[in-house]
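Participant: Okay, predicted coordinates and the sequence, questions at the end:
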2 protein chains.
Amino acid sequence: MKRKAVVLTSGGIDSTTAMAVAREEGYELYSLTFNYGQRHAVELVAARRVAEAFGAKEHLVIHLDLIKIGGSALTADIPVPKSRTEEEMRREIPVTYVPARNTVFLSYALAWAEVLEAPDIFIGVNALDYSGYPDCRPEYIRAFEETANLAIKAAVEGRFRVKIHVPLIELSKAQIILKGKALCVDYSLTHSCYDPTPEGKACGRCDSCLLRKKGFREAGVEDPTVYA
Amino acid sequence: MKRKAVVLTSGGIDSTTAMAVAREEGYELYSLTFNYGQRHAVELVAARRVAEAFGAKEHLVIHLDLIKIGGSALTADIPVPKSRTEEEMRREIPVTYVPARNTVFLSYALAWAEVLEAPDIFIGVNALDYSGYPDCRPEYIRAFEETANLAIKAAVEGRFRVKIHVPLIELSKAQIILKGKALCVDYSLTHSCYDPTPEGKACGRCDSCLLRKKGFREAGVEDPTVYA
């Protein structure tokens, strides 16, 4: 029997590459996506497309009530910053930061992992081109893993311990794209933009688009994205 | 200006007593309740009643998509155990365990705390009469607190660190009730039963009812609950 892995899927480059790594390592894939009222709902379509392309055994979409909590340009009525330089991106944690997002995401992944008896959770965070989010750092991931193994019945009863896999944690966007290409990822399935047009085209100017463009450029790989 | 605290509220004895402690300590109360498709939806009514009685500044109800994940007698179609002895309760983690529940709850509390700039989170867990849930243990709470302070922008930027207050962690149910009585808690507002009748009456035989009855008996306080 194949080992099961829960893979957090956003429809973007990173989570898609993380899913490619999990498939390469022989896991049966359980794709987990969150609908948290993000402006870029088109990413939900991309996430489903990616999960199908990888033959995921299940693709679960969880609705999160983050809008009531607010506090982010991705879920509240705060403008998404455009055309920032890399230095500006690095200077501070941007308004697209969603409070405790990865903690909420990983909590649900943990719950599902326990029910599925799937000790392996894959998340495509990376600490380099990470847009400055604190919950993408390796020390955060290690702390969450430790908390998880104190939280769940399966670990306390000695049946299994949860492992949070972060195969991209030390890679730049260009290295991620090269890794994905080596694993035959079709990046035209993916979506990165924080602020797409009503037709779902990428804006080309938000932090996420800029990091994506730069990644393809530095990797020397053609960017399949259709920008507005 | 009063300091703000997020208090996790379930409408039960423990969270109500935790809220009484937070009020006694002078916090402005932000009550946070979860609707996770629990069988005992009557607890949502109790939670609102309690928050109003304590003059909470806000009472936020978050809908959680835990039913899709399943794995618990509280959210799936598994019978709630009845009339168990204390030894039976202690022997194993019961089917009413909800995978990663407190991790999901605390993640949302963390998100809201960051948005409110409220570094203090109160949760009424206790490690003694705790029905055997691993995510009610002090080591779990400490690990979550550490993870939280690696996750949020406010901590990374040095604005504040989150503290998870567990004022009941070492108390028995009887001691909790005595503490609450000393703080003038009206326990007739609260609800504990996992499996109430359609009219909302407590069954009197599930683990939660049995622990409640025992608590009042040992505290020498009259139980205001109307049992079916």
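Facilitator: Perfect, I can see it now.
Participant: Could you list the low-pLDDT ranges of chain A?
Facilitator: A:38-40, A:72-78, A:90-96, A:129-131 (pLDDT under 70).
Participant: Show me the helices in it, by range?
Facilitator: A:13-24, A:42-53, A:86-91, A:101-116, A:138-151, A:153-156, A:173-182, A:207-219 (DSSP state H).
Participant: TSV please, covering those helices and showing distance to A:L128 and mean neighbour count.
Facilitator: From N, CA and C alone the C-beta is placed, and that goes for glycine too. Formatted as TSV, those follow (distance: least, CB to CB, whole Å; neighbours: other CB atoms under 10 Å in any protein chain shown):
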stretch	distance to A:L128	mean neighbour count
helix A:13-24	11	25
helix A:42-53	21	20
helix A:86-91	11	12
helix A:101-116	16	25
helix A:138-151	11	22
helix A:153-156	31	19
helix A:173-182	8	20
helix A:207-219	10	20
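Participant: In chain A, where's the longest strand?
Facilitator: If you go by DSSP state E, chain A has its longest strand at strand A:28-35.
Participant: That one to helix A:42-53, inter-axis angle?
Facilitator: Orientation check (axes from the mean of the first three to the mean of the last three CA atoms, to 10 degrees): strand A:28-35 against helix A:42-53 gives 170 degrees.
Participant: Show residues contacting strand A:28-35.
Facilitator: A:2-11, A:19, A:22-23, A:41, A:44, A:47-48, A:50-51, A:54-64, A:104-105, A:108-109, A:112, A:116, A:118 (CB atoms under 8 Å, 6 or more residues apart in numbering or on different chains).
Participant: CA atoms only: put it into CSV for me.
Facilitator: In CSV, the C-alpha atoms belonging to strand A:28-35 read as follows (Å, rounded to 0.1, in the frame of the first residue of the first chain):
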residue,chain,number,x,y,z
GLU,A,28,-0.5,8.8,-2.5
LEU,A,29,-1.6,12.4,-2.7
TYR,A,30,-4.4,14.1,-0.6
SER,A,31,-4.6,17.6,-1.8
LEU,A,32,-5.9,20.3,0.7
THR,A,33,-6.9,23.7,-0.4
PHE,A,34,-8.4,26.6,1.5
ASN,A,35,-11.1,29.0,0.4
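Participant: Mind listing what's buried along it?
Facilitator: A:28-34 (16 or more other CB atoms under 10 Å in any protein chain shown).
Participant: With adjacent residues omitted, what lies nearest to A:A53?
Facilitator: A:L189 (5.7 Å; CB to CB, 6 or more residues apart in numbering or on different chains).
Participant: go on, A:M89?
Facilitator: A:D207 (5.5 Å).
Participant: I'd like to know how many residues surround the residue lying closest to A:G12 once chain neighbours are set aside.
Facilitator: Ranked by CB to CB, 6+ apart and with sequence neighbours excluded, the top spatial neighbour of A:G12 is A:S192, at 5.0 Å. Applying other CB atoms under 10 Å in any protein chain shown, we find 26 residues neighbouring A:S192.
Participant: What's the local residue count around A:C184?
Facilitator: Around A:C184 there are 9 residues (other CB under 10 Å).
Participant: ok, so what distance separates it from chain B?
Facilitator: Counting by CB to the nearest CB, to the nearest Å, the gap from A:C184 to chain B is 31 Å.
Participant: related to what we said a few turns ago, can you pull the phi/psi pair for the residue nearest to A:G12?
Facilitator: The phi/psi pair for A:S192 (degrees, to the nearest 10) reads phi -120, psi -30.
Participant: show me the contacts for it.
Facilitator: A:12-13, A:202, A:208-209, A:211-212, A:225.
Participant: residues in contact with A:A202?
Facilitator: Contacts of A:A202 by CB under 8 Å, 6+ apart are A:191-193, A:196, A:209, A:212, A:225-228.
Participant: Show me just the buried residues among these.
Facilitator: A:191-193, A:196, A:209, A:212, A:225.
Participant: Mind telling me the two of the residues you listed farthest from one another?
Facilitator: A:P196 and A:R212 (12.4 Å; CB to CB).
Participant: just to revisit the earlier point, format the contacts of A:A202 as a markdown table; extra columns: distance to A:S172.
Facilitator: Output for the contacts of A:A202, formatted as a markdown table (distance: CB to CB, whole Å):
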| residue | distance to A:S172 |
| --- | --- |
| A:H191 | 20 |
| A:S192 | 15 |
| A:C193 | 20 |
| A:P196 | 24 |
| A:C209 | 17 |
| A:R212 | 12 |
| A:T225 | 18 |
| A:V226 | 24 |
| A:Y227 | 21 |
| A:A228 | 26 |
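Participant: sorry, back to before: could the helices of chain A go into CSV alongside distance to B:E139?
Facilitator: Below are the helices of chain A laid out as CSV (distance: least, CB to CB, whole Å):
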stretch, distance to B:E139
helix A:13-24, 30
helix A:42-53, 35
helix A:86-91, 36
helix A:101-116, 17
helix A:138-151, 6
helix A:153-156, 11
helix A:173-182, 36
helix A:207-219, 38
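Participant: what about the closest residue to A:R137 other than its chain neighbours, neighbour count?
Facilitator: Once flanking residues are discounted, A:R137 sits nearest to A:A127: 5.4 Å by CB to CB, 6+ apart. The local packing of A:A127 (other CB under 10 Å) involves 17 other residues.
Participant: List the residues that contact A:A127.
Facilitator: Here A:A127 is in contact with A:136-138, A:169-170 (criterion: CB under 8 Å, 6+ apart).
Participant: repeat for A:A46
Facilitator: Per CB under 8 Å, 6+ apart, neighbours of A:A46: A:10-12, A:189-191.
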